[in-house]
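Engineer: Sequence first, predicted model second:
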Amino acid sequence: MLKGKKILLGVTGSIAAYKSAMLVRLLVKQEAEVRVILTPSARDFVTPLTLATLSRNPVLSEFQQSQTGTWNNHVELGLWADAFIIAPASANTVAKLAHGLCDNLLLATYLSARCPVFLAPAMDLDMLAHPATQKNLSTLQAHGHRLIKTNFGELASGLTGDGRMAEPEEIVESLRQHFDSKKKLTGKRALVTAGPTYEALDPVRFISNHSSGKMGFAIAEALAEEGATVDLVSGPTTQQTHLPGITTHAVVSADDMAAACSRLFPSADITVLSAAVADYKPAVRADQKIKKTSDSLTLELTRTPDIAARLGEQKRPGQLLVGFALETENEVSNARKKLEAKNFDFIVLNSLNDSGAGFGGDTNQVRILHRTGDPAVFPLKPKREVARDIVQAILNHHA
Ligand code: PMT
C-alpha cells in the first residue's frame, strides 16, 4: 500500500515514543522508505539504535556538519519526504510547531518540509484539553496539517481519558487513505487479459505461443497501483501477483477467455487486451492421445472467438478499450488496421523486429497509436515501466 513512499517520522519526548518502533516496523513492512528524526528528549524514551535497525536507515537527531561546513540536512529531509508524520507529538512540540520555533532538527525540518504533515498527539488528558494546546492544534490544522485523533483510555499518569496516541495501525491507515486519495483511478474497474491460450488437440497436446504473461501482469499491477480494481484474466502462466485490488481469473483456452471477458466487460471502465490469444483451434479435440499412424498428419483448425472485436462491438460510451498488436512486418499499418477493425481507443504496438521486445523477456519496446496523430515512440524498457507508460496514456485519454 505504501510501496516506495518516502516517509519521514518525527518522534518527540512522550512515553508513547515506545510505539514508534512498531510504527516504523509497519511502515517498512508496507515497503515504505522510512527515515526517523528524534528530538533530544525523545532519546530518553526510545533509542536511536532501535529505530535505525527497524528503519534500516541512520536515525537523525542533530544538525549534521559536513566537511564542507554545511548543516542543511533539515532542508534535504524536508524535500525528500512524501509525508512527514510526527508521532508522538508532545504538547511541547505541538506548541513549538504552531509558533514556528526552530530549536531542534525536527522543528527545522518541519519548517522546511513541502510534503503533507500528519500529527499524532500524545499527552495527558488535561494537557490536551488545555485551551493553549487546543489553540495550537487548531493553528496546525489551519496550516493544512492532518491531525490523527487521540484515543481515550488509560494514560501514563494513571488517569483515564483522552490523550493516548493513536495506535500505529491507525496512523498507517491515515497515511494509506491519504495516498489512495491521490491515486487517479480510484473507483474505476479495469479488465486486463494476459498470457497465452492453450488450444487442446488431445489430452496431452495443445497449440499455443510464447507469451509469458509478464506484460499483462505488469499492466494489471500498474492499474492497481493507480487505485483501479482490476480483473486479470490470464491464460496459463507462472506469473503471480499479490497486489491488493487485483482478482485473477485463470483460464486455459480462447473460449474460456472469451467467456470470462464477456462476463466482466460490462462493468469495466478500462479494458486492456494484452493476451496473445490463439486465432485458431483444432476443429476436433481427440478424446484419446493421437497415435502415430502415418508419416504426416493434417489438422483442421477453426477460428477462435475474436475477443477484442466482440468487446469493441459491445463498447459503450465512457468505456475505454486498449488493444495490443504484435507484428513482424508492416507494423504501423497492420496495427492501424487492428485499431479500426476492433474499435480500440488506442493500440500498443510491439514488433518482434525490435530486439528485447515482445514475448518472454522482462523488457518491451512499444509504440502507442491513437486514431489520429503520429505514433508515440517509447524506448526499450522493463515491462513494469512500459505498463506505467500505458497507464499514463490511459490517464491522458481520460483527461
Ligand atoms: O506475455 P509476454 O511474454 O510478456 O509478451 C507480451 C506480448 C508480446 C504477448 C504482448 O506485448 C502482446 O503483444 N500481446 C498481443 C499479442 C497478439 O496476439 O496480438 P494480435 O496482433 O494477434 O492481436 C491483436 C489484439 O487482439 C490483441 O489485443 C489481442 O489480445 C486481441 N485478440 C487477438 C485474437 C483473439 N482471438 N482475440 C483477441 O482479443
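Structural biologist: It's in.
Engineer: so what's the spatially most central residue of the chain up against?
Structural biologist: The centroid of the chain falls nearest to Glu225 when counting by C-alpha atoms, centre = their mean (2.3 Å). Shown in contact with Glu225 (C-beta atoms under 8 Å, 6 or more residues apart in numbering): 3, 183, 243. Where you see a C-beta, it was placed from the backbone N, CA and C, and this is true even at glycine.
Engineer: per-residue confidence at it?
Structural biologist: The confidence metric pLDDT takes the value 92 at Glu225.
Engineer: What are the phi and psi values at it?
Structural biologist: Phi and psi for Glu225, reported as degrees, to the nearest 10, are phi -60, psi -20.
Engineer: now, which of the contacts of Glu225 sits nearest Leu395?
Structural biologist: Leu395 lies nearest to Lys183 out of these, by C-beta to C-beta, at 10.6 Å.
Engineer: Leaving out sequence neighbours, find the closest residue to the closest one.
Structural biologist: Gly227 (3.1 Å; C-beta to C-beta, 6 or more residues apart in numbering).
Engineer: Would you check that my belief about that neighbour contacting Arg176 is correct?
Structural biologist: No - Gly227 is beyond contact range of Arg176, at 11.5 Å (criterion: C-beta atoms under 8 Å).
Engineer: Neighbour count for those two, which is higher?
Structural biologist: Higher neighbour count among Gly227 and Arg176: Gly227, with 17 against 14, using other C-beta atoms under 10 Å.
Engineer: residues contacting Pro375?
Structural biologist: Counting by C-beta under 8 Å, 6+ apart, Pro375 touches 332, 349, 367-369.
Engineer: need the residues of the stretch 101-250 of the chain near the ligand, please.
Structural biologist: Residues of the stretch 101-250 of the chain lying close to the ligand by C-beta under 6 Å from any ligand atom are 193, 195, 211-216.
Engineer: In helices, which of these fall?
Structural biologist: The helices, defined by DSSP state H, take in 214-216 from these.
Engineer: Counting neighbours, which of those residues comes out on top?
Structural biologist: Going by other C-beta under 10 Å, Met215 tops those with 33 neighbours.
Engineer: residues near the closest residue to Ala283 other than its chain neighbours, how many?
Structural biologist: What sits nearest to Ala283 in space, not counting adjacent residues and going by C-beta to C-beta, 6+ apart, is Glu300, at 4.1 Å. By other C-beta under 10 Å, 8 other residues sit near Glu300.
Engineer: now the contacts of Glu225: which count as buried?
Structural biologist: Leu243 (16 or more other C-beta atoms under 10 Å).
Engineer: could I get the contacts of Glu225 as JSON lines with secondary structure and pLDDT?
Structural biologist: Shown next, in JSON lines, are these (DSSP: H, G, I helix; E, B strand; the rest coil; pLDDT from 0 to 100):
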{"residue": "Lys3", "secondary structure": "coil", "pLDDT": "87"}
{"residue": "Lys183", "secondary structure": "coil", "pLDDT": "91"}
{"residue": "Leu243", "secondary structure": "coil", "pLDDT": "87"}
